[in-house]
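[1] Need the 3D shape of this:
(2 chains)
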There are 2 protein chains.
Amino acid sequence: MDDRDLLARVQAVIGREQTLDDCAVLPLGGEYLVATTDMLHETTDFPRGMTPWQMGWMAVAVTISDIAAMGADPRAVLLAIGLDDAERLLPIMEGAHDCCRAFGAELAGGDLDAHTELTIVSSGIGTVSPEHLVRRRGARPGDVVAVTGRLGEAQAALAGYDHLTLRLLEPQPRVAAGRALGRAGATAMMDISDGLALSLYDLQAAGGYGFAVDTRRLPLPAGVPEKEGCEFALYGGGDFELLFTCPEDILPVPGVEAVVVGRVIEEPRVLADGAVLERRGYQHRWSGEG
Amino acid sequence: MDDRDLLARVQAVIGREQTLDDCAVLPLGGEYLVATTDMLHETTDFPRGMTPWQMGWMAVAVTISDIAAMGADPRAVLLAIGLDDAERLLPIMEGAHDCCRAFGAELAGGDLDAHTELTIVSSGIGTVSPEHLVRRRGARPGDVVAVTGRLGEAQAALAGYDHLTLRLLEPQPRVAAGRALGRAGATAMMDISDGLALSLYDLQAAGGYGFAVDTRRLPLPAGVPEKEGCEFALYGGGDFELLFTCPEDILPVPGVEAVVVGRVIEEPRVLADGAVLERRGYQHRWSGEG
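    Residues are numbered from 1 along each chain as shown, chains lettered A, B, ... in the order given. Purely as a prediction, here's the structure:
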C-alpha cells in the first residue's frame, strides 16, 4: 500500500474535495485561507548528512511550497517536533525561523515532544484573494503545461552529483513564482515533489484532462548526462518546483523562470513523446524499505 | 530537561510573545485567526486500551481545546499521521472527523507517513473577533479565578476509577464555555492539561500576578476519596477543562458550569490555602521514563 492508496481511504471519510489540492481552502471574510500540514521523519525524509539547521529549513520549505502552489502568500507556520536529542532543538528552530523569514511567514509557535526518531511536522497558513487562487483542477485543453526552474536536481544530488547538493538540502520554495502565476491567470498548479510523472498524473486525476509532454523540452539538471537527467526529472523526488497550466499567451510571466514542456489534451492520459508515460516516481512505501 | 525548559529555548528563537498562549494569534482582515498544533505519540500520550477511533477523537480534541481556551470558534483541523499499521487509518480518521463535527470544525486534510510508532499531529485554526479574544495574560488583582467542570477526572480514571474512563478516553473540549466566557468578559484563560497547579503557574508567568486558591472549593471527581481527588485535581494530567479569571460580577455566565476556586493577587505567587502551592504536575520527561 502506498501514499496514494491510503489517500483513497482518507477521501472516503473527509471527502475527495478536501484532499485534491496542496492545501485545504477555507473562505474567511473576503479572502481565502489555505492550510497544509507535512510530516517529516529523519530516516525517510531527511537526506543523510543533513544538519539540524537544514532539517528545520526543509520542514518549513515543504509547507511553504504547498502554499506557493495555490498562488497564496505564506503567513504563518507552526512546528510540532518529536525530539530525539534536546541539543538539536535550537538549530532546528533557527533553520525553520530563517526559512519563514526568507519567504515572508511568521514562525508562530508549536509543540514539543520526546521521540526516539526525530519527527518534524510543519503546518502552514497562507492567504490569497479568491480570484488568484489556483487549484490542481482547472486546466483546459489547449492550455500549455509548464514548470519552473530545473527538474531532477535533488535526485541528481542524491545520486552523487555534488554540485547540486544545496538544491537537495536547502530547497527554495517558489513563492514569488506561485504568486505571480496566480495573478497572471494560471489555470491549474501544484508543486512537484515526487517527480514530474506522478505530478502530471495527480493533475490529471484532479482535473480530468490529460497531458502530452515533449521530454526534449524538460529543463534538466546541469552537469548531468541527458538520459540520466531525464530519468531524474521524470521520476526523481525532492524537487520544489511548480507544475502549472495556463493559456500560452500569458507567458512569459514577468519574474517567473518557466519552461513550456507540453500541452493539455482532451483525453485523460499522460503522454510523453507520444507514448503513455510510466506512472512511477518517488513514493513512500509501507512495507518498510523506505 | 522537561517541556518547560525546552520552551525557554524555543522562546529564544521565535520570541516569548508567540509561545505564551494556547494558540498563536494572527490578525486577518477584521478578525483574529488563532492557530495551534499538537503532537501525540502512542506510548506516551494515548492511554493503554484506547481504540483507534478514540485516538483520532483525542488528537482533535486536544487542538480544539486550545482554540476554545482563546474564546475562539474552531474552524478547521489538519491531521498529520505517522502510521504504524494501515488498518488503523480509517477508524482514526473517523474519530477525528466525528470530533470535528461535534465541535463545528471541518476536518480539512492532512498528511500521511509510515512510522514504527503511531504519531498523530493535529493542527487547528479558529477565528474570534478581537474584542472576544482571551489570552493567558490579562488577569487583574481582585478578579476571581475559576474552572469549568470537574478536575482530576482523567487522572482518577488512570488510577482505576473505571466510572470515569470515558472522561479520559473521550475528552470533551469546552468550546461553548470558552466562547461564552470570551464574550462575557473573561480576563485570562487557558485549558488545563497538566493539572491545575502547573496551569496556575503558567497563567502567573504569562500575566505577572499571582493566585490564592482555596482547595476546599475545587470541583473534585465524583466517587473518589476527597484527599485523593484533590491530589488528582491539582497535579493530575488529562483534563480538558478551562481555567479562567474574570470580574466576579459577570458570574454566572449563562450556559457555563464553572466554580470559583480563588482570587487573583498582586504578589507573583501561587498559594493554596495560604501556603505556596507545589509546582509539579504531569509533564513529559526527556530522560526516557515517559
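[2] Now do the residue nearest to residue A:220 when sequence neighbours are not counted: how many residues are near it, please.
    Computed as CB to CB, 6 or more residues apart in numbering or on different chains, the closest residue to residue A:220 that is not its neighbour in sequence is residue A:229, at 3.6 Å. Yep, even glycine has a C-beta here, placed from its N, CA and C like the rest. Number of residues near residue A:229 (other CB atoms under 10 Å in any protein chain shown) recorded here: 24.
[3] give me the element residue A:229 is part of.
    Applying DSSP states H and E as the criterion places residue A:229 in helix A:226-235.
[4] do the same with residue A:8
    Residue A:8 belongs to helix A:3-14, assigned by DSSP H and E.
[5] so what does that helix touch, helix or strand wise?
    Helices and strands touching helix A:3-14, by 3 or more CB pairs under 8 Å, 6 or more residues apart in numbering or on different chains; DSSP states H and E, are helix B:89-102, strand B:106-114.
[6] average model confidence for it?
    Averaging pLDDT along helix A:3-14 yields 72.
[7] which is the next helix or strand following it?
    Where DSSP H and E defines the elements, the next helix or strand beyond helix A:3-14 is strand A:24-28.
[8] and the following helix or strand past that following strand, is it in reach of chain B?
    Later in the chain than strand A:24-28, the nearest helix or strand by DSSP H and E is strand A:31-41. Yes - Strand A:31-41 lies within reach of chain B by CB under 8 Å from any CB of the partner chain, at A:31, A:33, A:35-41.
[9] Measure how strand A:31-41 sits relative to strand A:24-28, angle-wise.
    With axes from the mean of the first three to the mean of the last three CA atoms, to 10 degrees defining the directions, strand A:31-41 sits at 150 degrees from strand A:24-28.
[10] which strands and helices sit next to the following helix or strand past strand A:31-41?
    Toward the C-terminus, strand A:31-41 is succeeded by helix A:42-45 as the next helix or strand (DSSP H and E). Helix A:42-45 sits against strand B:106-114, with contacts defined as 3+ CB pairs under 8 Å, 6+ apart.
[11] Parallel or antiparallel, list what pairs with the strand it packs on.
    When pairing is defined by DSSP bridges, strand B:106-114 lines up against strand B:73-83 (parallel).
[12] among the helices and strands packed on helix A:3-14, which gets the worst mean confidence?
    Averaging pLDDT over each of the helices and strands packed on helix A:3-14 puts strand B:106-114 lowest, since it has a mean of 90.
[13] quick revisit: so which bits of the helix holding residue A:229 are buried?
    The neighbour-count check on helix A:226-235 (16 or more other CB atoms under 10 Å in any protein chain shown) flags A:228-235 as buried.
[14] now do stretch A:137-152
    Within stretch A:137-152, the residues that qualify as buried are A:137-139, A:143-152, counting by 16+ other CB under 10 Å.
[15] and that stretch, does that touch chain B?
    No - Stretch A:137-152 is not in contact with chain B by CB under 8 Å from any CB; minimum separation 15.4 Å.
[16] Save the helices and strands packed on helix A:3-14 as a markdown table, and put in mean neighbour count too.
    Shown next, in a markdown table, are these (neighbours: other CB atoms under 10 Å in any protein chain shown):
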| stretch | mean neighbour count |
| --- | --- |
| helix B:89-102 | 21 |
| strand B:106-114 | 23 |
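[17] Mind putting those into TSV with distance to residue A:111?
    Below are these laid out as TSV (distance: least, CB to CB, whole Å):
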stretch	distance to residue A:111
helix B:89-102	17
strand B:106-114	16
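[18] Which one of these lies nearest to residue B:219?
    Evaluated with CB to CB, these place helix B:89-102 nearest to residue B:219, the distance being 23.1 Å.
[19] So in terms of bridging, what pairs with residue A:120?
    The partner residues for residue A:120, given DSSP bridges, come to residue A:40, residue A:81.
[20] Please apply the same query to the one 5 residues further on.
    On the basis of DSSP bridges, residue A:125 is bridged to residue A:35, residue A:76.
[21] Could you tell me the per-residue confidence at it?
    96.
[22] Quick one: residues contacting it.
    Applying CB atoms under 8 Å, 6 or more residues apart in numbering or on different chains, we find residue A:125 in contact with A:33-35, A:67, A:74-77, B:26, B:33, B:35, B:125.
[23] would JSON lines of the residues you listed with distance to residue A:166 be doable?
    Below are those laid out as JSON lines (distance: CB to CB, whole Å):
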{"residue": "A:33", "distance to residue A:166": "32"}
{"residue": "A:34", "distance to residue A:166": "28"}
{"residue": "A:35", "distance to residue A:166": "29"}
{"residue": "A:67", "distance to residue A:166": "22"}
{"residue": "A:74", "distance to residue A:166": "21"}
{"residue": "A:75", "distance to residue A:166": "27"}
{"residue": "A:76", "distance to residue A:166": "26"}
{"residue": "A:77", "distance to residue A:166": "21"}
{"residue": "B:26", "distance to residue A:166": "31"}
{"residue": "B:33", "distance to residue A:166": "34"}
{"residue": "B:35", "distance to residue A:166": "31"}
{"residue": "B:125", "distance to residue A:166": "33"}
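[24] from those residues, which has minimum pLDDT?
    Within those, pLDDT is lowest for residue B:26, at 92.
[25] Give the other helices and strands that the longest helix that chain A contains contacts.
    Longest helix in chain A, counting residues (DSSP state H): helix A:52-68. Judged by 3+ CB pairs under 8 Å, 6+ apart, helix A:52-68 is in contact with strand A:31-41, strand A:73-83, helix A:89-102, strand A:119-128, helix A:175-184, strand A:188-192.
[26] from the residues of strand A:31-41 next to chain B, which would you call buried?
    Counted by 16+ other CB under 10 Å, those give A:31, A:33, A:35-41 as buried.
[27] Now the two most distant members of these.
    Pairwise distances among these were taken by CB to CB; the largest, 33.4 Å, belongs to A:31 and A:41.
[28] Tell me the predicted confidence for residue A:285.
    If you check residue A:285, the pLDDT there is 41.
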